[in-house]
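In: Kindly generate the corresponding structure for this input.
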Amino acid sequence: MPVTVMAVTSVNEENPEALSTYLYLTTPLIHQAGGRVVRSYTVKHSLEGGDQAQTVTLIEYPSQDVVDRLFNSSEYAAIRPIREQAFCNYQVSIVE
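Out: Numbering: from 1, shown residues only. Next up is the predicted model:
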């Protein structure tokens with residue numbers, strides 16, 4: 001059963017190279033896992049809450065198992081330090 005992942009992010013404006021590197025490395029991993037970007041939204045303004053996210057991205061994967069394997073893979077683990085440099089806010093959730 002397909003699963004949708006929602007990434008709520010804010011880019012670290014002080015390190016644009018890290019974002020480019022992160023996207024360059026993660027895009028093939030997403031595609032190899034059978035994932036596809038369903039939609040990406042730019043947040044116009046926040047009505048309530050703390051720090052405003054800049055982007056909300058929805059990515060569909062073939063199954064929960066595929067998502068678990070991807071996020072627990074050694075390939076993705078190797079990219080995490082770059083992700084931490086690329087984003088000042090990064091939250092990923094499964095949505096229905």
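In: For residue 56, give me its contacts.
Out: Counting by CB atoms under 8 Å, 6 or more residues apart in numbering, residue 56 makes contact with 6, 7, 8, 9, 40, 41, 43. The way it works is simple: take the backbone N, C-alpha and C, and place the C-beta from them, glycine included.
In: Mind jotting down where the strands sit in this protein?
Out: Secondary structure of the chain (DSSP state E): strands located at 3-11, 36-42, 55-61, 87-95.
In: between the third one and strand 36-42, how many degrees?
Out: Going back to what we said before, that points to strand 55-61. Relative orientation of strand 55-61 with respect to strand 36-42: 170 degrees, computed using axes from the mean of the first three to the mean of the last three CA atoms, to 10 degrees.
In: Just give me the longest helix of this structure.
Out: Determined from DSSP state H, the single longest helix within the chain is helix 16-32.
In: Identify all contacting residues around that one.
Out: Counting by CB under 8 Å, 6+ apart, 11-12, 36-37, 59, 70, 73, 75-76, 79, 82-83, 85-87 sit against helix 16-32.
In: Please check these and keep the buried ones.
Out: When these are checked for burial by 16 or more other CB atoms under 10 Å, the buried set is 11, 12, 59, 70, 76, 79, 82, 83, 85, 86, 87.
In: Correct me if wrong: the third one contacts residue 5.
Out: Yes: under the contact definition of CB atoms under 8 Å, residue 59 touches residue 5, with a separation of 4.8 Å.
In: Can you add distance to residue 24 and give the strands of the chain back as a markdown table?
Out: Output for the strands of the chain, formatted as a markdown table (distance: least, CB to CB, whole Å):
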| stretch | distance to residue 24 |
| --- | --- |
| strand 3-11 | 15 |
| strand 36-42 | 15 |
| strand 55-61 | 16 |
| strand 87-95 | 15 |
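In: Could you provide these in CSV, with additional columns for mean pLDDT and distance to residue 48?
Out: Converted to CSV, the strands of the chain look like this (pLDDT from 0 to 100; distance: least, CB to CB, whole Å):
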stretch, mean pLDDT, distance to residue 48
strand 3-11, 97, 15
strand 36-42, 97, 17
strand 55-61, 98, 16
strand 87-95, 96, 16
